[in-house]
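Colleague: Okay, sequence plus prediction incoming.
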Amino acid sequence: VSRGVAGAAPERSRLEPGIARLKEALPPRSWLDEPAAMEPYVVDWRGLYRGRSPLVLRPDTVEQVSAALAICNEHRIAVVPQGGNTGLTGGSVPAGDGAAVVLSLDRLDRIRALDAAGFTITVDAGCILAEIQSAADATDRFFPLSLGAEGSCRIGGNLSTNAGGIQVLRYGMARDLTLGLEVVLPDGRVLEGLSGLRKDNTGYDLKQLFIGAEGTLGVITGATLKLFPKPMDRVTAFYAVASPAAALALFGELRERTADGLIAFELLHRPILDLVFRNIPRTGDPLERPYEWYVLFEAAGPPIAQGLASGIEAATEAWMEAGLVLDGTVAATEAQRLAFWRIRESVADAQKVEGIGIRHDVSVPVNAVPEFLARALPAATAAFEGLRPIAFGHAGDGNIHFNLLQPPGMSDAVFLEATPRLNRLVHDIVASLGGSISAEHGIGRLRRTELPAYKSEAAMALMHSLKATLDPNGIMNPGVLL
Ligand SMILES: Cc1cc2nc3c(=O)[nH]c(=O)nc-3n(C[C@H](O)[C@H](O)[C@H](O)COP(=O)(O)OP(=O)(O)OC[C@H]3O[C@@H](n4cnc5c(N)ncnc54)[C@H](O)[C@@H]3O)c2cc1C
């Protein structure tokens with residue numbers, strides 16, 4: 001099913017001179033123009049958006065990025081920056097009109113420097129997230145950004161979507177982990193800001209503009225990121241809880257009792273577990289019988305007097321007596337810990353197997369998560385027959401992934417036609433609770449037309465004027481975000 005934006009094909013003659021100059025300016029190893037070779041760059045991770053492009057650029061130096069953007073700007077050729085192409089909102093692939101070149105950062109992928117004493121790492125934008133984590137680990141440091149796609153997403157994409165993931169609770173979003181950025185502006189100028197300074201109050205913090213901008217203002221080519229000491233004394237547990245309200249109460253208890261050592265706190269609805277166990281090998285129920293709601297949480301030291309694990313164990317007895325926790329297990333080995341996380345991290349793949357899902361990546365104030373679920377689950381179930389709502393996510397951040405799975409037997413076309421109605425239903429509940437229609441995945445192509453309904457006129461106008469100032473020719477990722 002393709003949602004590639006249709007549109008009149010651009011006259012070849014308009015694009016040809018600029019494309020020819022790009023091929024001259026960049027060495028042949030830095031571009032692709034064969035349709036088969038370009039295929040992985042024009043289809044998104046879910047296979048929902050399929051675009052077309054005359055050229056995929058794969059620069060391996062900042063100078064090549066700069067030269068390419070200057071040419072594109074001069075010839076008014078649209079540019080779609082791409083990292084690992086794991087984005088979930090269609091922002092990393094071109095539209096269907098074939099008028100944009102893809103600029104992939106996949107060959108600009110070196111670790112530039114690691115300062116263990118200063119707790120910073122400086123990397124090219126094309127570095128794979130897991131490789132940054134490993135580089136930090138090798139020097140006894142910790143880079144906390146962590147998400148299911150970490151083996152293939154790239155840090156430039158993480159920064160451009162302001163990715164969240166499972167450890168936001170303790171370490172913040174990608175934005176919070178960034179000290180400095182290097183960005184190539186749409187006209188080819190390089191904004192050099194690779195500083196590891198913790199303090200720098202010399203005017204507007206320009207790097208913030210590019211974080212979360214989804215490639216609409218420039219191309220991130222490098223970043224200096226924060227590192228941390230490695231977490232010690234890690235406790236990972238999989239608990240069945242009485243309800244989302246009980247999960248919220250447990251969340252508060254855990255933050256208090258671990259001296260804010262809670263790193264991750266994920267809420268899972270039973271249908272999610274069934275979906276994973278059905279479709280993903282080497283997964284199984286950590287508990288003996290099924291329950292309706294679960295939390296998967298992880299806490300880490302510093303080692304406290306009585307020991308983190310025994311502290312949590314002792315408190316669990318009281319939580320069970322109070323009826324918050326119904327059952328549970330604490331990982332006794334690293335293999336068990338990884339097995340718990342495998343369930344959580346397989347959710348996206350498991351959904352992919354079972355047809356189309358209309359996805360909602362929403363956030364509400366943390367204390368409104370139970371109310372959101374109490375309203376959204378029955379509303380979605382009643383919306384039409386056979387619809388399968390599934391809810392899970394980073395509940396400690398108020399971020400719920402609320403996805404509606406295609407009823408068995410319903411055609412793709414009929415299901416997709418219902419998308420605007422179902423989006424409205426979920427997003428209106430979110431808005432009434434003071435929430436956001438995109439907690440961490442961004443707007444992309446998927447939510448662009450919905451955004452103005454949920455953002456103030458003043459905010460939309462300011463975003464448009466920033467865009468016009470930084471990218472006056474509108475070459476950067478048109479059709480995405482704004
Ligand atoms: C299994 C799975 C699990 C996921 N879990 C999470 C999760 O827990 N939390 C979360 O936040 N996301 C999650 N995601 C979504 C996705 O992985 C993130 O959005 C990720 O940050 C995208 O990185 P990427 O390198 O793949 O970017 P891409 O998909 O290539 O691009 C994303 C956007 O950034 C722009 N962009 C990419 N690189 C640059 C650059 N160098 N300069 C300027 N713009 C650029 C693109 O134009 C596009 O608009 C998940 C995805 C999958 C498939």
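Modeller: Cool, the structure landed.
Colleague: Check whether Leu425 really touches Ala380, as I assumed.
Modeller: Yes: counting by Cβ atoms under 8 Å, Leu425 sits close enough to Ala380 to count as a contact (6.8 Å). To be clear about C-beta, it is placed using only N, CA and C from the backbone, and glycine gets the same treatment.
Colleague: residues contacting Gly126?
Modeller: Going by Cβ atoms under 8 Å, 6 or more residues apart in numbering, Gly126 touches Gly83, Ser104, Leu105, Asp106, Arg107, Leu108, Asp109, Arg154, Ile155, Gly156.
Colleague: Could you give the secondary structure assignment for it?
Modeller: The three-state assignment at Gly126 reads coil, by DSSP: H, G, I helix; E, B strand; the rest coil.
Colleague: Next one: it, what pLDDT does it get?
Modeller: Model confidence at Gly126, expressed as pLDDT, equals 98.
Colleague: Tell me how many other residues surround the closest residue to Val364 other than its chain neighbours.
Modeller: Nearest residue to Val364, sequence neighbours excluded (Cβ to Cβ, 6 or more residues apart in numbering): Gly435, at 3.7 Å. Gly435 has 21 neighbouring residues, counting by other Cβ atoms under 10 Å.
Colleague: What sits closest to the residue of the stretch 251-400 of the chain found nearest the ligand if chain neighbours are left out?
Modeller: Going by Cβ to the nearest ligand atom, the ligand is nearest to Ala348 of the stretch 251-400 of the chain, at 3.6 Å. Once flanking residues are discounted, Ala348 sits nearest to Gly148: 5.6 Å by Cβ to Cβ, 6+ apart.
Colleague: distance of the residue lying closest to Tyr454 once chain neighbours are set aside from the ligand?
Modeller: Among residues not flanking Tyr454 along the chain, Ile437 sits closest, at 5.1 Å (Cβ to Cβ, 6+ apart). Taking Cβ to the nearest ligand atom, to the nearest Å as the measure, Ile437 falls 14 Å from the ligand.
Colleague: Give the full set of residues in contact with Ile437.
Modeller: Ile437 makes contacts with His360, Val362, His427, Val430, Ala431, Arg447, Glu450, Leu451, Tyr454, as judged by Cβ under 8 Å, 6+ apart.
Colleague: what stretches of the chain score poorly on pLDDT?
Modeller: Within the chain, the segments meeting pLDDT under 70 span 1-11, 302-306.
Colleague: Might you enumerate the residues of it proximal to the ligand?
Modeller: 45, 80-88, 91-92, 105, 125, 147-149, 153-154, 156-158, 160-161, 163-165, 214-215, 219-220, 348, 440-441, 444, 477, 480 (Cβ under 6 Å from any ligand atom).
Colleague: Most proximal residue of this protein with respect to the ligand?
Modeller: Evaluated by Cβ to the nearest ligand atom, the chain has Gly157 as its residue closest to the ligand, separated by 2.1 Å.
Colleague: wait, what's in contact with that residue?
Modeller: Contact analysis of Gly157 by Cβ under 8 Å, 6+ apart lists Gln82, Gly83, Gly84, Asn85, Thr86, Gly87, Ser92, Leu105, Ala163.
Colleague: wait, doesn't Gly435 sit right on Pro365?
Modeller: Yes: counting by Cβ under 8 Å, a contact exists between Gly435 and Pro365, whose distance comes to 7.2 Å.
Colleague: Next, show the common contact partners of the two.
Modeller: Gly398.
Colleague: any chance you could map the helices in the stretch 201-350 of the chain?
Modeller: With DSSP state H, counting those that start in this stretch as the criterion, the stretch 201-350 of the chain has helices at 207-210, 244-257, 270-279, 308-321, 334-345, 347-353.
Colleague: One more: the stretch 51-200 of the chain?
Modeller: 62-75, 129-138, 155-160, 168-171.
Colleague: who touches the last one?
Modeller: In this case it means helix 168-171. Taking Cβ under 8 Å, 6+ apart as the rule, helix 168-171 contacts 144-145, 177, 228, 260-265, 394, 396-397, 399.
Colleague: Mark which of the residues you listed are buried, thanks.
Modeller: Pro144, Leu145, Leu177, Gly261, Leu262, Ile263, Ala264, Phe265, His394, Gly396, Asp397, Asn399 (16 or more other Cβ atoms under 10 Å).
Colleague: Narrow these to those in strands?
Modeller: Among the buried ones among the contacts of helix 168-171, the ones falling in strands (DSSP state E) are Leu262, Ile263, Ala264, Phe265, Asn399.
Colleague: Contacts only, for the second one.
Modeller: Neighbouring residues of Ile263 by Cβ under 8 Å, 6+ apart: Pro144, Ile166, Gln167, Leu169, Arg170, Tyr171, Pro231, Arg234, Glu298, Ala299, Ala300.
Colleague: Same check on the fourth one?
Modeller: By Cβ under 8 Å, 6+ apart, the contact list for Phe265 reads Leu169, Phe251, Leu254, Val295, Leu296, Phe297, His394, Ala395, Gly396.
Colleague: Also Arg29?
Modeller: Arg58, Asp60.
Colleague: That one: what secondary structure?
Modeller: helix.
Colleague: how many other residues sit next to Gly393?
Modeller: 27.
Colleague: Torsion angles phi and psi at the closest residue in space to Ala439 that isn't next to it in sequence?
Modeller: Leaving aside its sequence neighbours, Ala439 sits nearest to Ser363 (Cβ to Cβ, 6+ apart; 3.6 Å). Per-residue torsions, Ser363: phi -130, psi 150 (degrees, to the nearest 10).
Colleague: Ser363 touches His401, doesn't it?
Modeller: No: applying Cβ under 8 Å as the test, Ser363 and His401 come out as separate, 10.3 Å apart.
Colleague: for the one helix or strand Val362 maps to, packing partners?
Modeller: According to DSSP states H and E, Val362 maps onto strand 361-363. For strand 361-363, the elements it packs on are strand 399-405, helix 419-432, judged by 3 or more Cβ pairs under 8 Å, 6 or more residues apart in numbering; DSSP states H and E.
Colleague: C-terminal to that strand, what's the next element?
Modeller: Next helix or strand after strand 361-363 toward the C-terminus (DSSP H and E): helix 369-383.
Colleague: mind listing what's buried in that next one?
Modeller: Buried residues in helix 369-383, counted by 16+ other Cβ under 10 Å: Val369, Pro370, Glu371, Phe372, Leu373, Arg375, Ala376, Leu377, Ala380.
Colleague: For stretch 159-178, buried residues please.
Modeller: 159-174, 177-178.
Colleague: Quick one: end-to-end distance for it.
Modeller: 8 Å (Cα to Cα, to the nearest Å).
Colleague: returning to what we had before: farthest pair in the contacts of Phe265?
Modeller: Using Cβ to Cβ, the contacts of Phe265 reach their maximum pairwise distance at Leu254 and His394, which is 14.4 Å.
Colleague: How far away from the center of its chain is stretch 29-48?
Modeller: How far stretch 29-48 lies from its chain's middle: 21 Å, per Cα atoms, centre = their mean, to the nearest Å.
Colleague: Identify each buried residue in it, please.
Modeller: By neighbour count on 16+ other Cβ under 10 Å, the buried set for stretch 29-48 is Ser30, Trp31, Leu32, Met38, Tyr41, Val42, Val43, Asp44, Trp45, Arg46, Leu48.
Colleague: go on, stretch 288-304?
Modeller: Tyr291, Trp293, Tyr294, Val295, Leu296, Phe297, Glu298, Ala299, Ala300, Gly301.
Colleague: So which of those are in strands?
Modeller: Trp293, Tyr294, Val295, Leu296, Phe297, Glu298, Ala299.
Colleague: Would you agree the third one is in contact with Leu267?
Modeller: Yes: with contact defined as Cβ under 8 Å, Val295 counts as touching Leu267 (5.7 Å).
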